[in-house]
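K.L.:
sequence and predicted model, in that order:
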Amino acid sequence: MTRLTIAGLEKRFDRTFAVRGIDLEVAEGELVSLLGPSGCGKTTTLRCVAGFEAPSGGRIEFDGSDVTPLPPEKRDIGMVFQNYALFPHLTVKQNLSFGLEMRKVAPAEIDRRVADVLAMVQLTGFEARYPRQLSGGQQQRVALARALVIEPRLLLLDEPLANLDAKLRDEMRFFIRSLQRRVGITAMYVTHDQAEAMVMSDRIVVMFDGLIHQVGSAEDIYDRPTTRAVSSFIGLANFLDGAVAGGADGRWMLHTALGPVACGAGHTPREGDRATAMIRPEAIALEADAASPDCIGGTIEERYFLGNLADYRIRMADGSILQVQGEAHAPFSPGGTVGVGLAQARAWLVRDAAA
Amino acid sequence: MSANASLGRGLFLALVTAVYVFLMLPIAIVVALSFNSARSLSFPPQGFSLRWYVAFFQSEPFMDAFVLSLWLAALATATAVLIATPAAIYYVRHGGRWRELFRLYVLAPLLLPEILTAIALLFFYYEIGIGTKTVVGLYIGHVVVCLPFVFLQVTASLYNLSPSLEEAARSLGAVPLTTFRRITLPLIKPGVINGALFAFIISFDNVSISLLLKGIGTTTLPMQMFDYLRWGSDPTTAAASTVSIVMTLGAVLLVDRFVGLRAMRY
Amino acid sequence: MNGLSRGKLLLAAPIGVALFVFLVLPYLTIVVMSFRVPSTTAAYAPGFTIANYAKALTDELYIGTLVDTLRIALTITVICLLLGYPVAFHLARTPSRWRGLLYGLVLSPLLVGVVIRSFGWIILLANNGVINQWLVSMDMPRVRLMYNEFGVILALVHIFLPFMVLPLVGAIQGIDPKLEEAARSLGASRRRVFLRVLLPLSLPGIQSGTILVFVLACGAYVTPMLLGAGRVHTTTTSVIQLLEQFLWPFGAALSLVLAVVGLLAVALYVRLSARWMRGLA
């Protein structure tokens, strides 16, 4: 159980900054995901924590002691790679024993721990197989076992499920998460898949362009995104621009081209400022009668049936298009008019850049 | 297909086949001569005999040359592997800005005419006073021309080795030396063996270096054959040639069976 | 540079030092040697001169030999290209179960060594060799196939053909067959497809192959010696002869002249073919 501290982390490659200044505390036993698009610096951050990249600035601390000058082999970490990185010339058992041999564990103890961890990943009996004889999912489980059997201070996972097919990925997410919980190990998980991050993490760290935009739980990130980038990356979003006009205690009024919209906010905007409100498609109610109270009229341009929901593209009076999701079997169809309940929708003010 | 097209295609295939025959012909002829009971190859061939092989194995000059060639090839190969393998690792894993220049430098013996390299070494040995007829000098010359081949094969093998394997080893607590010993080395073994095979063949068959740097009284098998041929055709040379061919072919097949050959990449 | 980088540099040190001492310095020695004064009692006499170069560049005999060498090398290169391209094309486009065997056929002469291959040609081309015996048996006159340029060129074409085929195969394999199909579907005849699609796209391979064969042909020694047997002189055979006669300074100068001329020829060729490649685009 180790506390991880990242302080002021910077990493430069030649002229470009991959990581521009990251501060993060990961508590004992917590699983934190680094989430963001390719190139946002999440993998670089993980590799700095592991020791494969030397930071250009800042510190990495395990339990308060500075590990920044230490090479990876001295940091007592367990790492799971995207391509599994199982040693092809060694059997499953030899792969698993490798880290224990490095730690000079006695052979009898090695056998016991290998047997235990294989049971944990449900691969008992596979000791003598070679990696090429295993399926992708099995290889990933061996990779996980190899990282856990050494009982490291920290578990680092670099997009471990990216090479698996969708169904297997789903299963493995729960598997990894429950294993991590059971063992109680502090873990850092890199992914570009928002659903994965939301399912697995205690907290999600959303990154863009080498900076952290937001750290929070799945609900924080989804309902109360700090920036436009975060709200676009997680789920779907409609954006309305307008001017701030009055409000207090975290509730504000935004005057948009489509009328006034009541918004929540995580920061304090100034009266008269231009601001952007984000509204999730499922947060907007639709009424059959376009003249219903608190509704603005719009014309349905397209309707997609998604099974559990229907997805509408609605053209509004000012020419803009809103994306609204609602009940799958509601009687709205393309060409018809509809009342869009904008004023009472769950809107949230977002910033353009990270603070 | 139209008649014209089939004719064209037929001619094309005929030409290609003719070229393949052309490639094989002289070699086949030499092997045929080695089994001929007569002194020269005549049409029709006169009879089957192993007398030239007997002559070869009983000939002191040929045997001495054969043994020297084997020793030389073995030593040159071992040396080339020891020097070129770390160089390949440096090139693939730790390159830096001067990477491509380094590669050019290492491949230089391949890019320069071998006869010029032989001349260069001849002059050099004379100038620094170690003499031009030493076996050591010959051995060094062989090592120099073998280095690029080992380098190319080991780098190809390293390219196929994902860096994450070495990172995984380090993340598990292995210091760089242990990582190299237990992970890198076993996985590049095929490349090293292939490189050694190429080096062995290059050294064994080498003519340019051996021509100028061979010692007095000591000579390699190709040079011995060359000397014999300058002054007349003796089917013993054909037997020597066939033994040489069988050896290199055998080495190739052996390595292919245990390791699997990969095409040479430039 | 921290300690770790210095350690890594140690990996490159053996080869760096080995090649510096046994390749760079020796080549410099050739240059130095070419300026030395010739001697009849030793490899050279004290002092330096440019007389060697003056002789190499003005002596009719040696200029003639140089021209012959370049001409022979060029001939060999062209023939190798004409014979090698169809073979390379066939090999590149053949279905993969045959490819291994054909590759083996093309590569196997390289396993055999130049002395043995030249020997094979001696048996075939000699005055009482296989071909002439066959001619005689058909009551036809003997033909001089050896001890002349024809024999040397024929044998060298054989020696260097694999070196032309291999780069070409690589280049042709890199050309998507769908490009040819697309051209045919647009109405181009086979000939036009070859001239306008295949040839331009395989030019890099042609360039590598021709340069390789040309340089190798200029530096050939064993085969011209065996098949020319003193009647065919190339600059390289002359240089070796000079070395055997202990006329080292002049030999050095002559070999460097050949090297520089060869280099210039290749450079010119690269320039011209680049322009031609752009012209075809």
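P.N.:
Received it, and whenever you're ready, just let me know what you need.

K.L.:
just the helices from the chain, written as ranges.
P.N.:
Looking at chain A here, since you left the chain open. In chain A, the helices defined using DSSP state H lie at A:42-50, A:92-102, A:107-120, A:136-149, A:166-183, A:194-200, A:218-223, A:228-233.

K.L.:
try again with chain C
P.N.:
Assigned by DSSP H, the helices in chain C fall at C:3-19, C:25-34, C:51-58, C:60-93, C:96-112, C:114-125, C:130-137, C:149-173, C:177-185, C:190-193, C:199-218, C:222-228, C:235-244, C:248-280.

K.L.:
how much space is there between whichever residue of the stretch 51-200 of chain C sits closest to chain B and residue C:227?
P.N.:
Nearest residue of the stretch 51-200 of chain C to chain B: residue C:120, at 2.6 Å (Cβ to the nearest Cβ). To be clear about C-beta, it is placed using only N, CA and C from the backbone, and glycine gets the same treatment. For residue C:120, the distance to residue C:227 (Cβ to Cβ, to the nearest Å) stands at 11 Å.

K.L.:
any idea how far stretch C:178-197 is from the chain center?
P.N.:
32 Å (Cα atoms, centre = their mean, to the nearest Å).

K.L.:
what's the answer for stretch B:74-92, then?
P.N.:
With Cα atoms, centre = their mean, you get 15 Å for stretch B:74-92.

K.L.:
pLDDT of it, averaged?
P.N.:
Averaging pLDDT along stretch B:74-92 yields 94.

K.L.:
in JSON lines: the helices of chain C, plus distance to residue A:199 and mean pLDDT.
P.N.:
Converted to JSON lines, the helices of chain C look like this (distance: least, Cβ to Cβ, whole Å; pLDDT from 0 to 100):
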{"stretch": "helix C:3-19", "distance to residue A:199": "40", "mean pLDDT": "81"}
{"stretch": "helix C:25-34", "distance to residue A:199": "65", "mean pLDDT": "93"}
{"stretch": "helix C:51-58", "distance to residue A:199": "79", "mean pLDDT": "89"}
{"stretch": "helix C:60-93", "distance to residue A:199": "50", "mean pLDDT": "93"}
{"stretch": "helix C:96-112", "distance to residue A:199": "45", "mean pLDDT": "84"}
{"stretch": "helix C:114-125", "distance to residue A:199": "67", "mean pLDDT": "91"}
{"stretch": "helix C:130-137", "distance to residue A:199": "79", "mean pLDDT": "85"}
{"stretch": "helix C:149-173", "distance to residue A:199": "46", "mean pLDDT": "92"}
{"stretch": "helix C:177-185", "distance to residue A:199": "43", "mean pLDDT": "86"}
{"stretch": "helix C:190-193", "distance to residue A:199": "55", "mean pLDDT": "80"}
{"stretch": "helix C:199-218", "distance to residue A:199": "50", "mean pLDDT": "90"}
{"stretch": "helix C:222-228", "distance to residue A:199": "72", "mean pLDDT": "90"}
{"stretch": "helix C:235-244", "distance to residue A:199": "73", "mean pLDDT": "92"}
{"stretch": "helix C:248-280", "distance to residue A:199": "55", "mean pLDDT": "87"}
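
K.L.:
what's the closest of these to residue B:202?
P.N.:
Of all those, helix C:96-112 sits nearest to residue B:202, with 9.7 Å by Cβ to Cβ.

K.L.:
for that closest one, packing partners?
P.N.:
Under the contact criterion of 3 or more Cβ pairs under 8 Å, 6 or more residues apart in numbering or on different chains; DSSP states H and E, helix C:96-112 touches helix B:3-34, helix B:235-258, helix C:60-93, helix C:149-173.

K.L.:
what residues does it touch?
P.N.:
Outside helix C:96-112, the residues within contact range by Cβ atoms under 8 Å, 6 or more residues apart in numbering or on different chains are B:20, B:23-24, B:27, B:201, B:205, B:241, B:244-245, B:248-249, B:252, B:263, C:87, C:90-91, C:94, C:117, C:158-159, C:161-162, C:165-166.

K.L.:
likewise stretch B:55-62?
P.N.:
Contacts with stretch B:55-62, where a contact means Cβ under 8 Å, 6+ apart, come from B:63, B:219, B:221, B:224, B:236, B:239-240, B:243.

K.L.:
can you give me the end-to-end span of that stretch?
P.N.:
9 Å (Cα to Cα, to the nearest Å).

K.L.:
buried residues in it?
P.N.:
Within stretch B:55-62, the residues that count as buried by 16 or more other Cβ atoms under 10 Å in any protein chain shown are B:55-56, B:59, B:62.

K.L.:
re earlier: including mean neighbour count, could the helices of chain A go into TSV?
P.N.:
As requested, these are exported to TSV (neighbours: other Cβ atoms under 10 Å in any protein chain shown):
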stretch	mean neighbour count
helix A:42-50	24
helix A:92-102	22
helix A:107-120	15
helix A:136-149	23
helix A:166-183	15
helix A:194-200	20
helix A:218-223	18
helix A:228-233	22
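
K.L.:
chain B is nearest to which of those helices?
P.N.:
When the helices of chain A are ranked by proximity to chain B (Cβ to the nearest Cβ), helix A:92-102 comes first, at 3.5 Å.

K.L.:
quick one: contacts for residue A:311?
P.N.:
A:281, A:303-304, A:323-325.

K.L.:
so which of those sit within strands?
P.N.:
Under the assignment DSSP state E, the contacts of residue A:311 contribute A:303-304, A:323-325 to strands.

K.L.:
dump these to TSV, plus pLDDT, distance to residue B:256 and neighbour count.
P.N.:
Output for the ones in strands among the contacts of residue A:311, formatted as TSV (pLDDT from 0 to 100; distance: Cβ to Cβ, whole Å; neighbours: other Cβ atoms under 10 Å in any protein chain shown):
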residue	pLDDT	distance to residue B:256	neighbour count
A:303	93	64	16
A:304	93	58	10
A:323	93	61	17
A:324	92	66	27
A:325	92	62	19
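
K.L.:
how about low-confidence regions in the chain?
P.N.:
In the absence of a named chain, chain A is used. A:354-355 (pLDDT under 70).

K.L.:
wait, chain B
P.N.:
B:1-4, B:41-45, B:233, B:259-266.

K.L.:
show me what contacts the closest residue to chain C within it?
P.N.:
Closest to chain C within chain B is residue B:26: 2.6 Å, counting by Cβ to the nearest Cβ. If you count contacts by Cβ under 8 Å, 6+ apart, residue B:26 has them with C:117, C:119-121, C:123-124, C:155, C:158.

K.L.:
isn't residue A:83 right up against residue B:164?
P.N.:
Yes. Residue A:83 lies in contact with residue B:164 (Cβ atoms under 8 Å); the separation is 5.9 Å.

K.L.:
report the buried residues of stretch B:231-240.
P.N.:
Quick answer for stretch B:231-240 (16+ other Cβ under 10 Å): B:233-240.

K.L.:
list the contacts of it.
P.N.:
With contact meaning Cβ under 8 Å, 6+ apart, stretch B:231-240 is reached by B:30-31, B:33-34, B:36, B:39-40, B:52-53, B:55-56, B:59, B:62, B:66, B:221, B:224-225, B:228-229, C:119, C:122-123, C:126.

K.L.:
endpoints of that stretch, how far apart?
P.N.:
16 Å.

K.L.:
any idea how far it is from the chain center?
P.N.:
22 Å.

K.L.:
stretch A:152-166 too?
P.N.:
Distance, centroid of stretch A:152-166 to centroid of chain: 13 Å (Cα atoms, centre = their mean).
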